[in-house]
Structures are given as structure tokens and as C-alpha cells.
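> predicted model and sequence below, questions to follow.
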Amino acid sequence: MAVDKSRVAVGFMVAGVLTVAFGVVLTFVGPMIIDDQIVKNTVIDPQNDLSYTMWKDIPVPFFMSVYFFNVLNPKEVLKGEKPMVEQRGPYVYRKRCQKDNITFHPNDTVSYREYRKFFFEPSMSAGNESDVVTIPNMLVLGAAVMMEKLPYAVRLMISATFKTFKEGPFLTKTVGELMWGYDSGLVDFLNKYLPGMLPSSGKFGLFAEFNNSNTGLFTIFTGKDDIKNVHRVDSWNGLTELSNWGTRQCNMINGTAGQMWPPFMTKESTLPFYSPDACRSMELVYQRPGVMKGIPLYRYVAPKTLFANGTDYAPNEGFCPCRQSGLLNVSSCRHNSPVFISHPHFFNADPVLLDYVQGLHPTEEEHGLFIDIHPVQVVNGGFPTLT
Ligand SMILES: *[C@@H]1O[C@H](CO)[C@@H](O)[C@H](O)[C@H]1NC(C)=O
Ligand SMILES: *[C@@H]1O[C@H](CO)[C@@H](O)[C@H](O)[C@H]1NC(C)=O
Ligand SMILES: *[C@@H]1O[C@H](CO)[C@@H](O)[C@H](O)[C@H]1NC(C)=O
Ligand SMILES: *[C@@H]1O[C@H](CO)[C@@H](O)[C@H](O)[C@H]1NC(C)=O
Ligand SMILES: *[C@@H]1O[C@H](CO)[C@@H](O)[C@H](O)[C@H]1NC(C)=O
Ligand SMILES: *[C@@H]1O[C@H](CO)[C@@H](O)[C@H](O)[C@H]1NC(C)=O
Ligand SMILES: *[C@@H]1O[C@H](CO)[C@@H](O)[C@H](O)[C@H]1NC(C)=O
């Protein structure tokens, strides 16, 4: 029964989202043996070096590509004109993921934390981290929304502070500063007077919390009892469901952690996963077969209803209060600051949104969310961070 491990070919492809496929040479062995072998190599088991190491330190590079919408006419916007934006980037970061604090439990589950590190990859980027861009000042806009509930005197004081720190509605900084944080007197001030608004004290940046952080304590099934359960999340930070959304259905923690799924996918399968960064579970659905570098694959895409509002798609009511379809209001898990998630360029969103900004051109090829997987066994490089 022993099938030579060298027959287990490992390949990978880069396709917006990175995927890894386990292929098994079909010619010599019958389907039964292959299935047994795949199951053995898919269970999370420290006794199986190959699959355990694959799972623990996924041996392929992941890349996070970041684009900024540079606002070209900030002064005019303040006078009421439509914002005009220009896409800049990609600024590509190599992402190193490593699972640590691994504990196996007697009931065929395992807990771990996944730590991530990011490294700028100049050769893959269009531009460098010293590029300067102008974006809306999320601190000021966020504070303005939160201030509505504060006493008048405090509001007056905060407005005066914005002036003192020369912080306006737009921010012009380098990409590196916007990504990983910059020192700001305003941040120190806000931490003092609006405690809890900012996740940390000190620096403010879009990804300031990401480098050297972990995505929480995941407890997932090892698949030992039933291979269909492998990688499925049992709990996250001790929770079997979330509490930030309005309905039980929206609060459910479904599927895997978004990097691997059970083997033996069919066209009827879906790819459910829980994303701590998006604060919710999502599910991709089969779209079409394909081939990349000779490896057959299935493409799974985000359904149009993923970010639809509760009016357009009733099961999403729990994610509201909503705006137009295509926007996910995540303020309940961003310290109540007004943050929304969408596909890039408002792809699959209400077209009316495109009228509010000049310079957006959504296309499925460039802006759709998809995962290509080998139908038999898969490792995915992590879904794109949508923020
Ligand atoms: C996780 O592992 C790191 C390093 O191995 C250790 O410093 C930390 O205390 C561990 N955390 C928990 C919650 O076990
Ligand atoms: C498995 O055991 C862990 C640790 O004792 C526990 O937290 C978890 O709830 C159990 N899960 C299931 C599905 O029984
Ligand atoms: C992330 O942290 C590591 C150190 O752990 C550092 O080498 C690396 O430059 C940091 N990445 C960014 C983008 O700041
Ligand atoms: C970034 O690019 C600019 C112009 O293209 C160049 O002058 C600068 O030296 C570069 N900075 C780094 C750190 O490579
Ligand atoms: C979780 O899965 C259940 C059952 O498949 C589904 O009804 C629910 O909508 C899913 N929740 C989310 C947030 O995807
Ligand atoms: C839901 O989305 C539709 C289409 O984008 C929009 O016409 C409608 O006003 C939205 N409903 C709410 C409550 O915002
Ligand atoms: C977003 O959701 C929060 C509650 O989580 C709500 O207070 C806020 O009004 C919503 N924002 C918009 C613009 O609908």
C-alpha cells in the first residue's frame, strides 16, 4: 500500500490569490489507494512530516498587493467637487506565515496561533515605499463621526486640536507611513480623550497592527475522525460564534481559516471560510474549470450577494445598518470608526457608487475575488485583504 512520497507532486501558482495543489500521479495506482493516501497526507498529524510541515509553515511565498487611490483634487473636494482618484501601486509585500502555540486536543482538534510578517518586495512593486500619496484622513473623518455623541465643549476642544496638529480631512504621506504607521500628536491626543477609538497607542497606520501579529487563537479539526472536517474551524479565540452582527446566521463561524479546505472538491462544493480581518464568514462558489501551468483547477468566486445589503438579499440583514449593496459596514469590529469593506473599484456593487468618485473602473478580471484550487487537495495563500 505504500505509495512513494516522491509521487506526491507539489506545485503552486500565483493567480491573484496564491494556491498550492497536491497532485498525485494517477497512472500507476488505483483510485482507492490514491484516496487513502490523500486522506493520510491531509490529516493534520505531527507524525506525518510532509503534511504537518506544509500545514505549519506553508512553504510557498504569499504576496499581499496593496493599491492606493491617490486623491488628485483634495482642495476642490472641500469645495464640494467630486473626488478624482488615481490608482497607485501595487506595493507588494511578501507575507511569511508561521503557526505557533500548537496544542492538540483529545477530541481531534488542534489550537494554534498564526503569526505573520511582511517584507516589502521592490522588484514586484510599481513604485517604492517612499512614494507620496493623498488619501482621506481616516482619523479626522472617524473622529468627526464619533464626536457627534460627545458634549459640545469636548467637540470644540477636539476641533481646535485638529487645527493645532494641522490635521485636515486629507492626509499626504508616504506609502510606508500610511501602511505601517507614523507618529502623530493627534493620535496621542485622541488616545487620551477618546480612549478605545484607536486600537493602539503610538502609531497610526492602515496595517500598523498587522506586522508580527497573529490572527487569533484558532481551534480547527484535524480530520482524524472524518476527513471532511479537516481544517474546519471549531472556535476562534474560544468563541464558536461571533457577537458583533445582528443575527445568528451572520454571526456563524463557518468553514476553514481560509488557507486550506478538505480534499475532494466538486463543482457543487463551496469554499466557506472565516476571516478575522473581515470579522465574518464568507463563502465562495464554483464558477468554472481552468488550467494553470498544466495543473487542472476549479475557480471559485465571491457570489454577487456577498456584500449585498439586507434589502437586496435578506440573509444579510444581520450585517446592517447598511448602505448601498456592495459595501460591508465593519464599524462594529473597528472600534466603531466608520469603516466599510468592498471589492476593489466597487466591483459587484450598486453602480450608483461609481458616480460619487471619478476614476473607478471595475472589471471582473482585475477586481473580482477568486480562489483557484486543485479539486483534490488545496492550500490557498490567504484571501486578499479587502480593506
Ligand atoms: C505562544 O508562543 C510564543 C512563542 O513561542 C510564547 O512567547 C507565547 O507565550 C505563547 N502564547 C501562548 C498564549 O501560549
Ligand atoms: C475539543 O476540546 C477542546 C479542548 O478541550 C474544547 O475547547 C472544544 O470545545 C472541544 N471541541 C469539540 C467539538 O468537542
Ligand atoms: C515586519 O517586522 C520584521 C521584524 O520582525 C521586520 O524585519 C520587517 O521589516 C517588518 N516589515 C515591515 C513592512 O515593516
Ligand atoms: C524611490 O523612488 C524614487 C524615485 O523613483 C527614488 O528617488 C528613491 O531613491 C527611491 N527610494 C528608495 C528607498 O528606493
Ligand atoms: C454559515 O453557514 C450557514 C449554513 O450553511 C448559512 O446559513 C449562513 O448564512 C452562513 N453564515 C455566513 C456568515 O456565511
Ligand atoms: C440596498 O441596496 C440597494 C441597491 O444598492 C439600494 O437601492 C437600497 O437603497 C439599499 N437599501 C438600504 C437600506 O440602504
Ligand atoms: C454601521 O454600523 C454601525 C453599527 O454597527 C452603525 O452605528 C452605523 O450607523 C452604520 N453606518 C452606516 C453608515 O450605516
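Sure, I can see it. Ligands and ions are numbered 1, 2, ... in the order given.
> quick one: the closest residue to ligand 2 within the stretch 251-387 of the chain and residue 279, what's the gap?
Nearest residue of the stretch 251-387 of the chain to ligand 2: residue 253, at 12.3 Å (CB to the nearest ligand atom). Any C-beta I mention is one placed from the backbone N, CA and C, and that applies to glycine too. Distance, residue 253 to residue 279, by CB to CB, to the nearest Å: 11 Å.
> next one: residue 160
In terms of CB to CB, residue 160 sits 34 Å off from residue 279.
> more crowded one of the two?
For residue 160 versus residue 279, neighbours defined as other CB atoms under 10 Å are more numerous around residue 279 (18 against 10).
> what about residue 177, is that helix, strand or coil?
Taking DSSP: H, G, I helix; E, B strand; the rest coil as the rule, one finds residue 177 in the helix state.
> returning to what we had before: residue 243 is in contact with the residue of the stretch 251-387 of the chain closest to ligand 2, correct?
No. Using CB atoms under 8 Å as the test, residue 253 is too far from residue 243 to be in contact (11.2 Å).
> rewinding a little: what helix or strand is the residue lying closest to the residue of the stretch 251-387 of the chain closest to ligand 2 once chain neighbours are set aside located in?
Spatial nearest neighbour of residue 253, excluding adjacent residues (CB to CB, 6 or more residues apart in numbering): residue 274 at 4.8 Å. If you go by DSSP states H and E, residue 274 is part of strand 270-275.
> quick one: buried residues of that strand?
Buried positions in strand 270-275, judged by neighbour count with 16 or more other CB atoms under 10 Å: 271, 272, 273, 274, 275.
> what about the helix or strand where residue 190 lies, distance to the chain center?
Of the helices and strands defined by DSSP H and E, residue 190 is found in helix 185-193. How far helix 185-193 lies from its chain's middle: 28 Å, per CA atoms, centre = their mean, to the nearest Å.
> now do the next helix or strand after it, average pLDDT.
Remark: after helix 185-193, the chain's next helix or strand is strand 203-204, criterion DSSP H and E. Regarding strand 203-204, the rounded mean pLDDT is 80.
> which other helices and strands contact the next helix or strand after strand 203-204?
On the C-terminal side of strand 203-204, the closest following helix or strand by DSSP H and E is strand 213-221. On a contact count with 3 or more CB pairs under 8 Å, 6 or more residues apart in numbering; DSSP states H and E, strand 213-221 meets strand 85-105, strand 109-120, strand 233-236.
> now do strand 213-221, average pLDDT.
In this model, strand 213-221 has a mean pLDDT of 96.
> what's around residue 122, how many residues?
Residue 122 has 10 nearby residues by other CB under 10 Å.
> quick one: contacts for the residue lying closest to it once chain neighbours are set aside?
Spatially, and ignoring its direct neighbours in sequence, residue 122 is nearest to residue 128 (6.0 Å; CB to CB, 6+ apart). Taking CB atoms under 8 Å, 6 or more residues apart in numbering, we find residue 128 in contact with 120, 122, 175.
> could you redo the last one with a cut-off of 10 Å?
Shown in contact with residue 128 (CB atoms under 10 Å, 6 or more residues apart in numbering): 91, 120, 122, 174, 175, 176.
> name the nearest residue to the last one, sequence neighbours excluded.
When the adjacent residues along the chain are set aside, residue 176 lies closest to residue 129, with 3.6 Å between them (CB to CB, 6+ apart).
> sorry, back to before: what about the residue nearest to residue 122, distance to ligand 3?
Applying CB to the nearest ligand atom, to the nearest Å, the value for residue 128 to ligand 3 is 12 Å.
> swap in residue 93?
Separation of residue 93 from ligand 3 (CB to the nearest ligand atom): 6 Å.
> returning to what we had before: output the buried residues of strand 270-275 in TSV; the columns should cover distance to residue 208 and pLDDT.
Formatted as TSV, the buried residues of strand 270-275 follow (distance: CB to CB, whole Å; pLDDT from 0 to 100):
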residue	distance to residue 208	pLDDT
271	30	94
272	30	96
273	25	96
274	23	96
275	19	94
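> show me which residues of the stretch 251-387 of the chain are close to ligand 6?
Within the stretch 251-387 of the chain, the residues that sit near ligand 6 (CB under 6 Å from any ligand atom) are 309, 311, 312, 322, 323, 324, 325, 350.
> one more time with 5 Å, if that's ok
Applying CB under 5 Å from any ligand atom, we find that the stretch 251-387 of the chain lies next to ligand 6 at 309, 311, 312, 324, 325, 350.
> in which helix or strand does the residue of the stretch 1-150 of the chain found nearest ligand 6 reside?
The nearest approach of the stretch 1-150 of the chain to ligand 6 comes at residue 145, 17.4 Å away (CB to the nearest ligand atom). Take DSSP H and E as the rule and residue 145 turns out to sit in helix 138-147.
> quick one, that helix and helix 185-193 angle?
30 degrees (axes from the mean of the first three to the mean of the last three CA atoms, to 10 degrees).
> which elements pack onto the next helix or strand after helix 138-147?
Sequence-wise, the next helix or strand downstream of helix 138-147 (DSSP H and E) is helix 152-164. Counting contacts by 3 or more CB pairs under 10 Å, 6 or more residues apart in numbering; DSSP states H and E, helix 152-164 packs against helix 138-147, helix 185-193.
> would you confirm that residue 290 contacts residue 372?
Yes. Assessed by CB atoms under 10 Å, residue 290 is found in contact with residue 372 at 6.5 Å.
> follow-up on the earlier one: so is the helix or strand following the strand holding residue 274 next to ligand 7?
Next helix or strand after strand 270-275 toward the C-terminus (DSSP H and E): strand 280-292. No. Strand 280-292 lies apart from ligand 7 when judged by CB under 5 Å from any ligand atom; the minimum separation is 12.4 Å.
> and strand 280-292, how far out from the chain middle?
Distance of strand 280-292 from its chain centroid, counting by CA atoms, centre = their mean, is 15 Å.
> enumerate the residues of the stretch 151-300 of the chain near ligand 3.
Contact residues (CB under 5 Å from any ligand atom) of the stretch 151-300 of the chain with ligand 3: 180, 211, 212.
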